[in-house]
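> Sequence first, then the predicted structure, then my questions.
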Amino acid sequence: MLRAILIILAGLVTATATMAGSPFEITGVRIDAYGANVTKAREQAIRVGTLDATYQLLDRLTLPSDRLALDPPLIITEDIAEQLVAGIEIANEKRSRSRYLGDLSVTFDVQAVRNFLRAHNLPFVESQAASVLVVALWQNAKGRPVLGTDNPFAKVLERPGFQNHLVPLKFAKENLVLDDEEAALKAWRLANFDTGLLSAMATDAGVKEIIIASAKREGSNAVRIQAQRVQISETGIESIVDMGSFEGMAPFSARQSQWLAQALFAAADKIAQVLDTNWKHQAIVRDDMRQSVRLTALYNSLPEWQRLRDALGGVALVDEARLDALSYDGALLTLNYIGSEEQLARRLAQKGISLSHEDIGLVARVQ
């Protein structure tokens with residue numbers, strides 16, 4: 001057993017954290033360019049779209065206050081943006097002899113982006129938060145909450161891009177199999193924060209937070225979403241926080257068949273951005289917060305040690321976990337990491353590992 005543990009310890013290295021989606025992927029960037037021919041137009045559209053996506057990524061990973069504090073300001077050129085890209089995809093392509101249009105999705109090279117931001121001393125978020133379940137309610141003409149397959153808000157939240165936010169949004173899909181009467185009853189229970197139903201949904205989805213989001217039309221090209229954030233524990237609802245209302249407007253040029261989806265997406269994206277900003281204030285990592293601590297990892301079995309090893313290796317904050325001593329039920333490590341101890345504890349808790357101060361010092365164990 002001891003030999004097996006030593007072999008496993010030899011493989012303790014830092015790895016990329018598992019993500020629900022990827023915050024390093026930007027989707028749905030509209031591109032539209034002209035050129036001497038369609039090939040030139042396509043090249044120009046991609047270069048401009050990639051630059052736009054890079055600035056969107058910067059906005060996602062960093063805080064405006066940190067960007068404004070840079071002297072000189074950070075300026076990204078088209079050439080710099082291209083160096084940070086791992087791959088692109090284009091959907092909904094349209095072209096003429098001299099014009100090219102489409103929807104661009106850009107996947108960025110994670111390590112290249114990290115190196116770039118660190119080289120410019122710009123603090124950024126290293127990883128995603130735990131997912132939040134979103135229940136999409138649509139207010140009908142009578143002002144009653146509606147679930148069901150014809151819910152336009154639900155269709156918008158099914159888009160995979162919401163999983164790429166710093167706080168990934170999981171869409172609650174159970175309602176799509178209900179008949180009208182069942183859907184009406186469930187919608188009413190959700191709108192009134194039914195503890196049993198919300199607790200069951202949180203357990204099934206593996207989340208601790210649910211957002212009840214109720215959308216309605218406002219005028220000819222706008223919608224408004226009212227959102228409440230519900231914290232769930234093993235004993236039921238812990239708290240309900242009113243997030244406020246979020247307006248979404250479609251461009252006046254939008255087609256009649258598309259304006260509602262565009263307006264709903266705009267409003268829902270504002271909710272995602274609020275969640276992302278809150279997470280950035282909690283989790284953003286600053287290079288001047290480098291720590292080195294002695295950590296005792298306690299375990300009762302080889303599988304428990306494997307979980308501890310994988311958790312420490314899967315936290316991007318950890319630069320190095322060096323083995324100093326070993327016994328059959330514990331290991332003494334020197335842990336070098338970036339950020340605060342609270343941030344480290346939060347990341348490990350997401351992986352099922354508790355971090356606490358005990359008589360023997362800082363201790364990590366499987367929850």
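Okay, I see it.

> show me where pLDDT drops low in this structure?
For the chain, the stretches with pLDDT under 70 are 1-20, 148-150, 174-180, 254, 256, 287-288.

> repeat that with 80
Counting by pLDDT under 80, the chain has low-confidence residues at 1-20, 126, 140-150, 173-183, 252-257, 285-289, 314, 316.

> give the contact list for residue 189.
Contacts here follow C-beta atoms under 8 Å, 6 or more residues apart in numbering; on that basis residue 189 touches residue 197. Any C-beta I mention is one placed from the backbone N, CA and C, and that applies to glycine too.

> and it, what helix or strand is that in?
Using DSSP states H and E, residue 189 sits in helix 180-191.

> The helix or strand just after that helix vs helix 180-191, what angle?
Toward the C-terminus, helix 180-191 is succeeded by helix 195-205 as the next helix or strand (DSSP H and E). Counting by axes from the mean of the first three to the mean of the last three C-alpha atoms, to 10 degrees, helix 195-205 lies at 100 degrees to helix 180-191.

> Give me the distance between helix 195-205 and the centre of its chain.
Here helix 195-205 is found 21 Å from its chain centre; the criterion is C-alpha atoms, centre = their mean, to the nearest Å.

> What ranges does the stretch 51-200 of the chain have for its helices?
Remark: helices assigned in the stretch 51-200 of the chain by DSSP state H, counting those that start in this stretch are 64-68, 78-83, 110-119, 152-157, 180-191, 195-205.

> List the buried residues for the helix holding residue 189?
Going by neighbour count (16 or more other C-beta atoms under 10 Å), the buried part of helix 180-191 is 183, 184, 186, 187, 190, 191.

> Which parts of the stretch 251-367 of the chain are helices?
259-283, 302-313, 341-350.

> Dump these into JSON lines; add distance to residue 203 as well.
Below are these laid out as JSON lines (distance: least, C-beta to C-beta, whole Å):
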{"stretch": "helix 259-283", "distance to residue 203": "21"}
{"stretch": "helix 302-313", "distance to residue 203": "21"}
{"stretch": "helix 341-350", "distance to residue 203": "17"}
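
> Please parse the chain into its domains.
Following automatic domain parsing, one gets these domains for the chain: 2-17+285-366, 25-119, 132-282.
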